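> this is a predicted model, with the sequence first.
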Amino acid sequence: VPSGWVLIEVVRSWKPFGGPWSMLGSSQWNHPTELGLASVGGVWLLSFAIMLVNTAIVLVVVARPPVRALVGSVGVLAVVAGPLWFAAHPLPEASRELNVALVQPGVIHDPWARGQEGVVLTQALERQGSHIGLVVWGESSAENDVTSDPAAQQQLEAMSAALNAPILVNGDAIQSHGNAQKVSYLYTASGVNGQYAKTRLVMFGEYIPFRGELGWLTGLTKAAGVNLVPGDELAVFQAGGTRIGPLICFESAFPDMGRTEADRGAQLLVYQSEDSTFQGSWEPAQHASLAAVRAAETGRPAVQASLAGVSAAFDAQGRQLAWLPKSTVGTVTVTVPIQVTDTPYDRFGNYVPIVCAGLTGVSLIAIYRLRLMADPPRIED
């Protein structure tokens, strides 16, 4: 049962089926000791362990006494495995600390006005007097095609110079052939020092599959008016002496993307999200919680800046460092310890689904053989 559950999660996590949002294992995001299992086998191992415990409870109730003792022991082991790993693998001493300012302007639908609110909040950071190593704006935080507006670029460069810190912004970039991409730009006093185009887009939110046949949905819903174009590859930027891995919104749901950034040398995962559409729901908090799971999986701290909340930060074991609630307008500056440790998940990747496929196959064969033994086929004269 636990193996089958994980395989179902793996299948539905395939991007054309919606992506790995709301994995069962992600429910443990606010229990850092249980997230120890995420560092061993990713969110998949957490899902496996939760289903293993629940299946064990059922068997303890309904099975024969010898089986109860066995499955009860296995269930207890699944409960304590995460905390034991967490306790046995403390983080190394921080190589440095990075003060990260997360900018949250609130629900503002006009791109230009939204960008100006970000400017006001960022300029207010100058008066705080604390040293900042990185400023992060949310997804779609800058006006569209900001690189084609000299005044906007000069403003970002001037703010970066005043703070002596790079500013990570995000906006839609219009390409030469008319298509658009969702792009993050790292601005410094000397201009753009790195850019990353979102590689995994939200189905119907940022593109409509088979638009020729399904384009009529735009007349009935808020589905994407045009299809955005995905980027080609991930990127790693330098900010305040720290290598950061920028990812955008929905990409925080994908375990493999955080792991790839870690493999490329990122010491801090940085997520930019919007979430303006979901302010009346649980989605903003759940979205922010995914950064905690990604942090534990990769052994890298993670931060998320959201336009309308929740903006949050977590250390390399998924422990919460900051939490700016949804609908709050303002900034939060968090001191992030740069504690990098390669986890088993970093080294071995998504081995848990492979093991679960093997266990599921063996279990099905065993069930089939037991049924044959219980009810052998009859041979007719």
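It's in.

> would you map the helices across the stretch 101-250 of the chain?
Secondary structure of the stretch 101-250 of the chain (DSSP state H, counting those that start in this stretch): helices at 111-126, 150-163, 211-214.

> and Asn227, how far from Ala253?
20 Å (C-beta to C-beta, to the nearest Å). To be clear about C-beta, it is placed using only N, CA and C from the backbone, and glycine gets the same treatment.

> out of the helices and strands in this structure, which is least certain?
In the chain, no helix or strand scores lower on mean pLDDT, DSSP states H and E than helix 211-214, which sits at a mean of 82.

> ok, residues contacting that one?
Identification of contacts with helix 211-214 by C-beta atoms under 8 Å, 6 or more residues apart in numbering yields Ile208, Asn227.

> restricting to C-alpha, output that helix in PDB.
Written as PDB, here are the backbone C-alpha positions of helix 211-214 (Å, rounded to 0.1, in the frame of the first residue of the first chain):
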ATOM      1  CA  ARG A 211      -4.800  25.900 -27.700                       C
ATOM      2  CA  GLY A 212      -6.300  25.400 -31.200                       C
ATOM      3  CA  GLU A 213      -8.900  23.100 -29.600                       C
ATOM      4  CA  LEU A 214      -9.100  24.500 -26.100                       C
END
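
> now that helix: how far from the chain's centre is it?
30 Å (C-alpha atoms, centre = their mean, to the nearest Å).

> one more: stretch 187-195?
On C-alpha atoms, centre = their mean, the centre of stretch 187-195 falls 25 Å from that of its chain.

> kindly report the same for stretch 133-151.
On C-alpha atoms, centre = their mean, the centre of stretch 133-151 falls 21 Å from the chain's centre.

> ok, stretch 306-326 next?
12 Å.

> any buried residues in that stretch, and which?
Within stretch 306-326, the residues that count as buried by 16 or more other C-beta atoms under 10 Å are 306-324, 326.

> can you tell me which of the residues you listed end up in helices?
Assigned to helices by DSSP state H, none of the buried residues of stretch 306-326 qualify.

> out of those, which are inside strands?
Counting by DSSP state E, the part of the buried residues of stretch 306-326 found in strands is Ser306, Ser311, Ala312, Ala313, Phe314, Gln320, Leu321, Ala322, Trp323, Leu324.

> so where's the stretch 251-381 of the chain uncertain?
Confidence mapping of the stretch 251-381 of the chain against pLDDT under 70 gives the ranges 377, 379-381.

> where do the helices sit along it?
Under DSSP H, counting those that start in this stretch, the stretch 251-381 of the chain gives helices at 255-263, 283-298, 344-348, 351-374.
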